[in-house]
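>>> Pasted the sequence and its predicted model underneath.
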Amino acid sequence: MIKHEHLSLKYMRREVLPTAFCPGCYNGIVMNALFQAFEELGIYDLRKYVFVSGIGCSSWIPSPYIKADSLHTLHGRAIPVATGVKLANPELEVIVIGGDGDLASIGGNHLLHAARRNMDLVVIMINNLVYGMTRGQAAPTTPKGMVTPTTPYGNPEEPMDVARLIANTNANYVARWCVSQYLFLKNSFKKVLGEIKRGFRFIEVYAPCTTFVIRRENKTPGQKLKELMNTCIGYEKWEKLPAEERTKHIPTGVFREEDKPGFLDNYKQLIARLKR
Amino acid sequence: MIKHEHLSLKYMRREVLPTAFCPGCYNGIVMNALFQAFEELGIYDLRKYVFVSGIGCSSWIPSPYIKADSLHTLHGRAIPVATGVKLANPELEVIVIGGDGDLASIGGNHLLHAARRNMDLVVIMINNLVYGMTRGQAAPTTPKGMVTPTTPYGNPEEPMDVARLIANTNANYVARWCVSQYLFLKNSFKKVLGEIKRGFRFIEVYAPCTTFVIRRENKTPGQKLKELMNTCIGYEKWEKLPAEERTKHIPTGVFREEDKPGFLDNYKQLIARLKR
Amino acid sequence: MGKTYVVDVNGLLCKGCGICSEICPRKALVMDSVNPATGYPNPKLVGECIGCKLCMWFCPDQAIVVVEKR
Amino acid sequence: MGKTYVVDVNGLLCKGCGICSEICPRKALVMDSVNPATGYPNPKLVGECIGCKLCMWFCPDQAIVVVEKR
Amino acid sequence: MFKIAYLGRGGQGIVFAATLTAEALYEKGYYVAQLQNYGASVRGGSVLGYVVADHEPIKNPFIEEFDIIVVLHEEGLKRWKRLVEKSKKIILDKKLVKTNIPGAIKAPLSTIAEKEGVYQALNIVAVGAVFSILDIEGIDKVIDKLLQKRKNYEVNKKAYMIGKRSFQHHNH
Amino acid sequence: MFKIAYLGRGGQGIVFAATLTAEALYEKGYYVAQLQNYGASVRGGSVLGYVVADHEPIKNPFIEEFDIIVVLHEEGLKRWKRLVEKSKKIILDKKLVKTNIPGAIKAPLSTIAEKEGVYQALNIVAVGAVFSILDIEGIDKVIDKLLQKRKNYEVNKKAYMIGKRSFQHHNH
Amino acid sequence: MKRMFLSGNEAVAYGAIDAGCRFYAGYPITPSSEIMHMMAKLLPEAGGVFIQAEDELAAINMIIGASWAGLKSMAATSGPGFSLMQEGIGYAVMTETPLVIVDVMRAGPATGQATKAAQGDLMQTRWGRHGDQYLVVLAPESPQEAYDLIIEAFNISESLRTPVVFLMDEFIGHGREVVFRKEPGEIKLVERRRSSDHEPLFGSDDPRIPPPMPRLGEGYYVLVTGSTHNEYGYRDVHSFETHYKLVRRLKEKIWGNIDKVFKYEVIGDPGRAEKAIVCFGSTCRSAKEAVMGLDNVLLIRLITLWPLNYDLLRELLSNVRLVVVPELSLGQLIYDVQQVIDSGIKVVGVNKVGGGVPIYPSEIKKALEV
Amino acid sequence: MKRMFLSGNEAVAYGAIDAGCRFYAGYPITPSSEIMHMMAKLLPEAGGVFIQAEDELAAINMIIGASWAGLKSMAATSGPGFSLMQEGIGYAVMTETPLVIVDVMRAGPATGQATKAAQGDLMQTRWGRHGDQYLVVLAPESPQEAYDLIIEAFNISESLRTPVVFLMDEFIGHGREVVFRKEPGEIKLVERRRSSDHEPLFGSDDPRIPPPMPRLGEGYYVLVTGSTHNEYGYRDVHSFETHYKLVRRLKEKIWGNIDKVFKYEVIGDPGRAEKAIVCFGSTCRSAKEAVMGLDNVLLIRLITLWPLNYDLLRELLSNVRLVVVPELSLGQLIYDVQQVIDSGIKVVGVNKVGGGVPIYPSEIKKALEV
Ligand SMILES: Cc1ncc(C[n+]2csc(CCOP(=O)(O)OP(=O)(O)O)c2C)c(N)n1
Ligand SMILES: Cc1ncc(C[n+]2csc(CCOP(=O)(O)OP(=O)(O)O)c2C)c(N)n1
Ligand code: SF4
Ligand code: SF4
Ligand code: SF4
Ligand code: SF4
Ligand code: SF4
Ligand code: SF4
Ligand SMILES: [Mg+2]
Ligand SMILES: [Mg+2]
C-alpha cells in the first residue's frame, strides 16, 4: 500500500520505473537532489527545460527518467547538441547531465570550449570514477594505481580534477560536491537554476559507481556513502591538510562563482550593433 | 655570393627552400630559436628526434623543413600520433609543433589528456591568433571583438589562455614567450631538450600571423615585432598591472617547471612489478 | 519534538540496495525478506524514526518516503 | 670594441619582408630593388653593423648572416 | 550434443551460469559453444545464456531448440517465450516466474535458495539443477575446481549442491 | 566569347586579376564564369585564374584554350606550359618569365611597374594589358568603380592605366 | 530574380538563407570555408544564429540540437571534416533530424590536395556511417544549380525529416558565375510537419510518411535518442521487433519516397542511343559539351545520388552498348552503372583527379569512340 | 597447439599477440571491449605497450604513430568508435601505415542496440572515408577463425603496408568456443620490408610492390604526410601528375594483389548448382547448416570483403538462377551480388537485425525454396 509519494516522482516518467540502474547506484540520489532543488524553487513542471545527455549510465538519467524534453545524444557530444538547442532557442533552460567519461574524456574538448565561451548551459557531471556503462574500465578520473579491466596492473595515469580545471576557464560557476553532501548539492542546483541564470555553470558530483568501484572495494553502497561523509571536505580545509592526508580526501566546494554575461549576451550585443 | 651560412640551415632540408610561408611569417623565427637551442646543446644531427605536426601553416615547419623524421598528421591529431611514437620507442625524443587551432581547438582534448598523463613529449604551440592556413578565420585564441572572416561583426568569444590552462594540469613544464623574446624562447627550448627530459613539456609561442593579423592591422611584420618587444612582459609584472593595462599586454614566462616522472616512468614501474 | 513519522516503502520501486537501512542514524530500518514481485528484499521500519529524511534523500530509487504522522 | 661585421644576404632565400631592416638598431639595412630571380627586394648593408645579430635571429627565412670580419 | 539454456534478468548471473556450464563441459573434453543475449550490462533487462556441447566441433551455434532451459525470472520469459516453448525440458522458477507453459516443470529453486541463504547464487543453483538432469561423469569435481577459482566459493558450492539435490526432488 | 587567363605565383594577386576582369565583364552584362587553380593560400606555388564571358549562359566553364593568357611568373609557366601553349595570344612578363614560348609576346610589365612604383599591383597592370587588347566599350569606367570599392585605389588605378598603356607600346 | 555574380559556395549560402536556414555551425576548411564566411555575415542579418565550432564533431552536433529546437540548420565542410561528422550524421538519421550537410569535395585521401577539385566522397555520402542507415544525397552541377538545389535540399530534409547531404566539388564551390537569386515569393518552402497531440514522434503506420516533429519546449516531453527506440521515443535496446521495425521504417522512408526525391536530367533519346554517359556534378558540364551534336549518345545526369533509382537507370540504359562514366575520382559512380547493366555491355570510366584539372570534353569524346 | 575456451574477442587478442602485435591503443565500447581488456593484460607480459586513449580519434592516431615507430599495432572498436576512426584510417591508407583495426559490429544506426549482433558496417569498412582510398577487409566466421585470420590480417597489413579492417559481429566477439592456439613455431609471420638506402619510401615502379618502410630513428629522415606527396614523401599539393600517380598506385597496391588477399570458401559444385548462397561472418554458419544435404546449392563464403574478386564471383554464379544473401542488416553484400549477376537472375536477401537474434538455418532454407 503506497500512501505517500516521493517528491522526485512528479518529475519522472513513472511508466519506466524502476530505473535500469544497478541496485544502490548513486545516480538516483543525484536525481533526488536535483528534483528537490526544482521543488524548492517552485518549479513543478519542466516543459521549458531541455535535458541533454551523452552515452553512459548517468546519461540515462534524463532519458527516459526525467519528464521533460530530453536529447540522449552520442557519447561525448551532449554539450555541442545542448549548445545548438540553447542558441536556437534562448528561452529554453538547457541542462546537460553526463558521466566523467562522457564529458571529460571523449567529450573533453567540448567541455573546455563551452566553458571558454561561457556558453549558457548548466552541466552536471557525475563522476563515478569509471566507465560504468561499459563495465568499469578506467576513466580519466580513475585514481592512480586502481585496478580495472583496462588497468589490470594498476592505472598509470594521474586523474583529472575536472572541476578545478574548468574553474580555470571563463565559466560563471564551478562547484564539486560528493553525493553524500546532499544539501550542498541541492543548494548548488538551486543556485544555477534559480540565481545565476546565464553563462557556463558546471557542477561535478563525486559519486563512485556502486557496481564497479564500491563492490570492488568489497563495500556496500550504504557503507560507502557513510564513508564519503568523512572523505569529502571543503577545499579550503583540504588545502591545509598535509600532502599525504590530501590524497585520502576529496576537496569539495564552490570553486568559481560569477554572474558575468554569457555567450548569448555577448553575441547579441555584437548583433545589436549591426542593427543600429 | 654567399660566403657564410645561417646556423639554422644545417637543420633544414635545403632543397625545399625558401619555405612556402608568407614573406615575414614569424614561423621562421621560431625555427631559428629552436635550431639555435640545438646548436648550443651540441646537437647537430636530429636523427633521434621525431617531429610530429598536424595541419596548419605552423605544422609545415617540420614537414618538410626540418631535417629529421617527421610525421605530418591530420588536423588536430599530432599529439596522439606523437604519443604512439614515443610509447613504441621511448629512445626517441618526440617533438610536436603545431598551431593554436590545431592543438587547442580541434586538438584540444588530446592536449589536455596528454598533459594530464604527463606524457613524455615536447609540444610547441605557435599561437598566431588565427587559422592561418585557411585564410585567417577566428581561432580559440583570437581576441574578443576581432574581425575575421568568421567573425564579421567581431569575435563574441573570450580567448583561451592555453599555457595557463595547461599549467593547471599535471604537465612537467609550461611556458609562454612572444616571438620577440628570442633569447627566452631559445633558452626554454634548451631547458626542455637538454634538462627536463621527461613528462609533458609545453611551450606556447605568441607569434601573430603576418598575413591575417598584422597586415589587417596595417602593420609590417617588422613593426609588429618591435611593438611586441613592449607588449610582452613577465607574468609577475603583468599581474601587478591595472586590469585595463593587462588587456594590452601579454603575460609571458615559465608557468610551471618540475621534473617528476612522466607517463613512461609510471607505466614502466607498474610493469616492473609484474616482472618481479 | 514529540513528532512521529511513518515510513512508506514502495516495494515495486525498491531494489533492496540497503542504503536506507545503513544510513539511518537510528538504525530504524532493517532489510526484510525477498519481495517475490521483484526478487529484491525491502526495508522495514523496526525502530523509532526521527524524521531526518536521510533514507528518503539517499534512496536512489525513490522507493521510500518519510511522512509526519498526523 | 673595434670589431667589424659583414652581413651576408642570400638573395634566393630572402622574401623581402623587411623585418631585418626594421629591427636593426643601427638602421644599417635598407631594402634594395627587386631581385629578378625571386621578384622580391633584398636588404643591403648601408650603415655600420654592431654585430647584434638581431637581423639574423629574426630573419624568418634564414637569409641573412652576420659574421665578424677577421 | 547438449543444448542448455539459462534465462532470467540482468543481475541474476545468467551469463555466469552459462559460463560455468560451458567451462565444465570444456574441461570434460567437449567441443563447446557458449552464447548470450543480454541487455545493458548488469542493469536489468532479460538475459539468455546458452551452451552447446558436442564430441565434434560445433558447426553452427545458432540453435532454435534447447534440450533444457531454466527460467529464473519472468522478465526473460516475456521476451523469449517462443524459444522457451520449443525447448524439450523447461524448468521455471516457481516463485519468480508467473507465466505457465504447458509441460514445464515448476521448481522452487529461489525459495530453497533463499531459505538456505544462498539467494545471491541462484544462478549456480540452476547449474546444479541442469547437471542433476544431465548427470555427466565427474562433472561435480570439475565444477568444484572452477568454483574454487572464483570469489565466494563456499556459497557457490553450497548453491550448486542445493541445485543438484533440490531439483531431483521435483523432477517428474 | 572571351577566354582570358592570368598565370603566376602565390602572392601576386592572380586570383584578384581574374576577379577584377570577371566582375568588370559581369557589370557590363555578360554571362561570366571565373575559375582558379591555386595552391595553399597566399604561400607560393603557381596560380592560374581565368575568365570565360559570353552573351549566352556559359554551358561549360572547363576550357582548354584561352584567347589571351598573361604569365607573370616562371613558377606558373613551369606547371601549365601545355595549357599556355594552346592559347591564342600569350603575354609573358619579360623579367619574371625566363622560358620562351614561340609566338609569345614578351612584355616588360614588371619592369615598368617597378619603375612606376606600382610593383605591388602588377596583377592590375596585367588586367590593364588585357583590356587594352579586348577594348570593351566603357570598361575603364567599370574597372574604376570596382577599384574604388577596394583598398589602395590610387596605386591600383595607376597600375591599371599603366597596363593599358604600357602594353600597347609593345603590342606587335 | 536578382542577378548576382557568385561562387558556388556563396550561392549555397544565399540559397540556404532563402530556404529559411537560420542556424549554422561550422569549422573552416578549404574549399568550403566561403560558405561559412557568408553564413557568418548573412545569418545575423536574417535573425539567425551563427557559431564557429571547436571542430567538426561539435559542428554537426550543434546543428542537430538547433534543428530540434526548431531552426532549419546547416553545416558545410570538406572531406576531412566530413569524415569526422559521420557519427553525428548517423545520429541525425536515427533521430530523424532534418539538416543539410554540405560537402565540398577536394582531392583525397586524407589531406590530399586541399584546393583541388575531386568527386571521391560519393560513396562516403551513402555509406560513411556504421549501421544500416539511409539518407538523401544531392549534387548540383553549377553555382546556379547550387543555389536552386540547396533550397530543394532543405525542403526534402524538412518533408522527410532526414539529413540531406549536399555534394559539390571545388570547381563549383570556388567557380564564380552569374546566379539568379529568387525573390521570397518565388520560392516554394516546405516546413517540417508540426505535432498534433496524438501522433507518436518516432513512428507512423505508413513508413513513407515521416512522423511529426515538435519544437523543444512545446510541452511534448520529447524523448530523443540515438539508441533503438519505439515510436514514442522510449529506448529499447533489447527487442528484435522494435529494432527491426525502426530500421525498416527509416529505410523505407527514404527509398519509398524515391519518386519524390530522385532527380535527374536526360539529354538524348533512350530509344535511339547506342552509347550513354552517366555523370554527376560539375563533370557533367564537360560531358554536355561532349555530346553536343552526337545524337546516338544518351546523357544521364544524376542530381540525386541517393536513393538511386536503379530501375529507371536500368531502363534508360537497356539499349546501349557502351556507357562512359566520367568521374573526378578513380571510379565510384561506375559501381552503380555496373549494378544495372548486364555483362555484355561495356563500361568505360574516364577517371582523372588531382591538380585542379577538370575532365575536358575532348577526353569524354575520346572515351565515347571506343 | 593449445586447446582453449575463448570468446572471439579473446581469440583476436591472443591471435594479435601471436602475430607479433606489440602496441594497442583503444577506447572501451561494447561489444569489443574484451579485446582491449585482454590486450591490457597480455601486452605488458609480451613486452609490448598498451594505452587507453581519451577517445577513438586518439586511439587510431596513436597506433599510426606506433606503427611508424616500428611496432605492429592494433585498435579494436565497434560502430560508433569505428565512425570516429574513419579520418585516421584514411590517413593510414594515404601514408601506407600497416595496422589492424577490429570492428565488432552491433546493431545500428547510431547507438542502436549496443549488445546485439549485426553486420551493418560492411559498406562503411570500404567507403567510410573521404577521397578515393582502398584497403583490405577480412571477416571471420567463428572464434577459431578470428584467431587464425587476425594473424593473416597482420601479415597482409605488413606485406602490403596497408591498414586492414577486421570485421566481426557480436556473436563471434562474445560467443565462446574451443579455440586451438598455435605455438610460435607453427605460425608464419610476415614483417614489413625494411628500407635499403636507395629505395624511395612512397613509391615503386611496380605498384603491386609496396615501398619499404623504415622505423623512425634509423636515420632516413622520413617525411610522412597525409597530403599528396611524391615518392620521397615531399608534399605536392599542386600537381596533377603527383596526385594521380599516387592514388593510382595506392589503389593498384590493393587491387593488383587481389590474388594474394582474396580469401573465400566454396561449398558445392559451381557447375551443377542451380542456387547459391553468398554470405560472410557468423551468418555463414547457419547458411552452412542450411545447405547440408542440398547438392544443388552453392555456398560462397567471403572471407575477404575488400578487395572483392568480382570476376571470380561472376564466374562462380554464372550458372545459378537464384542467389540468397543472408545478412544481419537490411542488405549490403547484396549490392555486390547484384553487381555480378545479370538481370534475369533472382536475388533474395534474408535480412534480419536487432535483438541479438541470429538468422537461423530454417530461414535460409526457406529463402532457397523460392
Ligand atoms: C564513440 C563511442 N565510443 C565508446 C562508446 C562506449 N561507451 C558507452 S558509455 C561509455 C562510458 C561511459 O562512462 P561515463 O561517461 O563515465 O558514464 P557512466 O556510465 O560511468 O555513468 C563508453 C565508453 C560509445 N557509445 N560511443
Ligand atoms: C578535420 C579538418 N578540419 C579542418 C581542416 C582545415 N584546416 C586546415 S589548417 C586549419 C587551421 C590551422 O590553424 P592553426 O592550427 O592555428 O595553424 P596556422 O595555420 O594558424 O599556423 C584548418 C581549420 C582540416 N584540414 N581538417
Ligand atoms: S554500473 Fe555503476 S553507474 Fe552504472 S548503473 Fe550500475 S552502479 Fe550505476
Ligand atoms: S598565413 Fe600567416 S601563419 Fe600562415 S604562412 Fe602566412 S603569415 Fe605565416
Ligand atoms: S534505499 Fe531505496 S532502494 Fe535501497 S533498499 Fe532502501 S528503499 Fe530500497
Ligand atoms: S527518516 Fe531518518 S530516522 Fe527515519 S527511517 Fe529515515 S533515516 Fe531513519
Ligand atoms: S647585426 Fe644588428 S646591427 Fe648588424 S645589421 Fe644585423 S641588426 Fe643591424
Ligand atoms: S628578414 Fe630575411 S627575408 Fe626578410 S628582408 Fe631581411 S633578409 Fe629578407
Ligand atoms: Mg563514469
Ligand atoms: Mg593559428
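Happy to help now that I have it. Note that this is a predicted model, so its numbers are computed, not measured. Ligands and ions are numbered 1, 2, ... in the order given.
>>> I figured E:Ala113 hits E:Asn123, correct?
No: applying CB atoms under 8 Å as the test, E:Ala113 and E:Asn123 come out as separate, 9.6 Å apart. Using the backbone N, CA and C atoms, a C-beta is placed for each residue, glycine as well.
>>> Chain E: helices as residue ranges?
E:14-27, E:74-86, E:109-115, E:122-134, E:139-148, E:153-169 (DSSP state H).
>>> of these, which approaches ligand 4 most closely?
Comparing the helices of chain E against ligand 4 with CB to the nearest ligand atom, the closest turns out to be helix E:14-27 (56.4 Å).
>>> model confidence over the closest one, on average?
In this model, helix E:14-27 carries a mean pLDDT of 97.
>>> what helices or strands is that helix leaning on?
Helices and strands in packing contact with helix E:14-27 are listed as strand E:2-9, strand E:31-37, strand E:46-54, helix E:122-134, helix E:139-148, strand H:2-7, strand H:176-181; criterion 3 or more CB pairs under 8 Å, 6 or more residues apart in numbering or on different chains; DSSP states H and E.
>>> Repeat the analysis, applying 6 Å as the threshold.
In terms of contacts (3 or more CB pairs under 6 Å, 6 or more residues apart in numbering or on different chains; DSSP states H and E), helix E:14-27 is packed against strand E:2-9, strand E:31-37, strand E:46-54, helix E:122-134, helix E:139-148.
>>> Does at least one residue of the third one sit close to chain C?
No: applying CB under 6 Å from any CB of the partner chain, one finds strand E:46-54 separated from chain C by no less than 13.2 Å.
>>> other SSEs contacting that strand?
Contact here means 3+ CB pairs under 6 Å, 6+ apart; on that basis strand E:46-54 packs against strand E:2-9, helix E:14-27, strand E:31-37, helix E:74-86.
>>> Tell me how far the third one lies from the chain's centre.
In this case it means strand E:31-37. Computed by CA atoms, centre = their mean, to the nearest Å, the chain-centroid distance of strand E:31-37 equals 13 Å.
>>> so what does that strand touch, helix or strand wise?
Where contact means 3+ CB pairs under 6 Å, 6+ apart, strand E:31-37 is packed against helix E:14-27, strand E:46-54, strand H:176-181.
>>> what do you get if the cut-off is 10 Å, keeping everything else the same?
Where contact means 3 or more CB pairs under 10 Å, 6 or more residues apart in numbering or on different chains; DSSP states H and E, strand E:31-37 is packed against strand E:2-9, helix E:14-27, strand E:46-54, helix E:74-86, strand H:2-7, strand H:113-117, helix H:170-174, strand H:176-181.
>>> And for residue 12, the neighbour number?
Defaulting to chain A. A:Met12 has 20 neighbouring residues, counting by other CB atoms under 10 Å in any protein chain shown.
>>> meant chain G, my bad for not saying
Look at G:Val12: counted by other CB under 10 Å, it has 33 neighbours.
>>> In the chain, where is pLDDT below threshold?
Here I'm looking at chain A. Regions of chain A meeting the criterion pLDDT under 70 cover residues A:1-3, A:275-276.
>>> wait, I meant chain E there
Chain E contains residues with pLDDT under 70 at E:39-44, E:167-172.
>>> got a list of what the closest residue to chain A within the stretch 1-150 of chain G touches?
At 2.6 Å from chain A, G:Gly65 is the closest residue in the stretch 1-150 of chain G, using CB to the nearest CB. Listed by CB atoms under 10 Å, 6 or more residues apart in numbering or on different chains, the contact partners of G:Gly65 are A:50, A:52, A:71, A:73, A:77-89, A:94, G:23, G:25, G:71, G:73, G:97, G:216, G:224.
>>> These in strands, which ones?
Secondary structure from DSSP state E places A:50, A:52, A:71, A:94, G:23, G:25, G:73, G:224 of these in strands.
>>> so which of the residues you listed also contact chain F?
With CB under 10 Å from any CB of the partner chain as the criterion, those include none near chain F.
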